[in-house]
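Student: Sharing a model prediction with you, sequence too.
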Amino acid sequence: MVKERTVIVTGAAQGIGYAIAEAFKNNGDFVAIFDLNEEAAKSAAEKLENAKGYQVNVANEESVKSGVEQVIAERGTVDVLVNNAGIQFISPVEEFPEEKWDLVVDVILKGTFLTTKHVLPAMKKQNYGRIITISSGHGRRPDAYKSAYVAAKYGQIGFTNVVAMENAKHGITANSILPGPTRTELIEKQLPKLAEQDGTSIEEALNHHILGAQWMKRLLEPSEIAATALFLASDGAAAITGEAIGVTGGE
C-alpha cells in the first residue's frame, strides 16, 4: 500500500496553490494548507476533505515555525513542501515604494527560505523529502513594472538550487517550476494596473505583458502547473534536483 504523504502547500487557498493542493489530495496525500487568511485556508481544506487549513504568515519566522511544528505534531513528519505563496505590486522602479518592495520580496523569497528551513530537519530525519518552489517564467525573463517580483522569482531559483545541492545525499530533492501566464486572480487583478501604466486597453495589456512572448497564445490552467508539481514529488522524479522547469506554453 502506498504511504499517505504529508504535503504542505503555501498560499493554497486559491489559484495555483489550490490546484496543487487538490492534485496531491487526489493522489491520496494529506495536504496542509498554509495561508495568511485563516478563513480561506479552512474553507479550502473543507472542500478538499483530506486536508487542514492553517493560518501562517510565510514572511514571519515564528508563524512558519509554529505552523510546521503543528503539522509535525499532528502528522509525524512533512514529506513534501510546495512553496507557492506570492504577491504582486506593479510600479516603475523609480516610483516603487520601499515598503511594497519589502513586502513582495519577504512573501516570495523570505517565505520560501523560512518554510524550507523549518521542514528540512524532519525531511533529513527520515532521509526523504520533496521541495518544490513555484517560481515564474519571470524567474528567467524580466517584465516591465515588476522589479520586486522578478527579483524575488530569480532569487527563488538560486535559493532552491543551493537547497538541492546541500541535501542531495539526504534523499531530498529541490526543484523550481516556472509557470507561464496562468488563469488566476493574481493576473486578473494585474491587468487593469498594467493597462493604466501603459495607457492601453486591458486586452492590449494582456497581449503585451502576459501573452506577448508566449507561443501558444493562451492562459495556462492551474491544473497544468499542479500536474508538474505532482510529478516532481513522485518516485519517478527522484533523480531530478536543482532544476528549474518551465511550464510556460512556450516562450
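Tutor: Received the coordinates, thanks. Numbering: from 1, shown residues only.
Student: Please make it C-alpha for all contacts and neighbour counts, starting now.
Tutor: Noted.
Student: Correct me if wrong: residue 201 contacts residue 195.
Tutor: Yes - the criterion here is Cα atoms under 8 Å, and residue 201 meets it with residue 195 at 5.5 Å.
Student: With neighbour numbers in mind, choose between the two.
Tutor: Between residue 201 and residue 195, residue 195 has the larger neighbour count (other Cα atoms under 10 Å), namely 18 against 13.
Student: SS state for the more buried one?
Tutor: Put simply, residue 195 is helix when judged by DSSP: H, G, I helix; E, B strand; the rest coil.
Student: And residue 200, by the same measure?
Tutor: The assignment at residue 200 comes out as coil when based on three-state DSSP.
Student: So it versus residue 181, what's the distance?
Tutor: Residue 200 sits 19 Å away from residue 181, going by Cα to Cα, to the nearest Å.
Student: So the two - more neighbours on which side?
Tutor: Taking residue 200 and residue 181 together and counting by other Cα under 10 Å, residue 181 has the greater number of neighbours (25 against 13).
Student: For the residue lying farthest from the centre of the chain, grab phi and psi.
Tutor: Within the chain, residue 199 marks the point farthest from the mean C-alpha position, 30.9 Å out by Cα atoms, centre = their mean. Backbone torsions for residue 199, taken as degrees, to the nearest 10, come to phi 70, psi 40.
Student: That one and residue 66, how far apart?
Tutor: 45 Å.
Student: for residue 227, same thing?
Tutor: 29 Å.
Student: With residue 181 instead?
Tutor: Note on residue 181: its distance to residue 66, by Cα to Cα, is 33 Å.
Student: swap in residue 160?
Tutor: For residue 160 relative to residue 66 (Cα to Cα), the value is 22 Å.
Student: Which residue of the two possesses the greater neighbour count?
Tutor: Ranked by neighbour count (other Cα under 10 Å), residue 160 and residue 66 place residue 160 first, with 26 against 14.
Student: Where does that one sit, in terms of helix or strand?
Tutor: Counting by DSSP states H and E, the element that carries residue 160 is helix 147-166.
Student: next structured bit after that helix?
Tutor: strand 172-179.
Student: where in the protein is pLDDT low?
Tutor: Within the chain, the stretches with pLDDT under 70 are 1-2.
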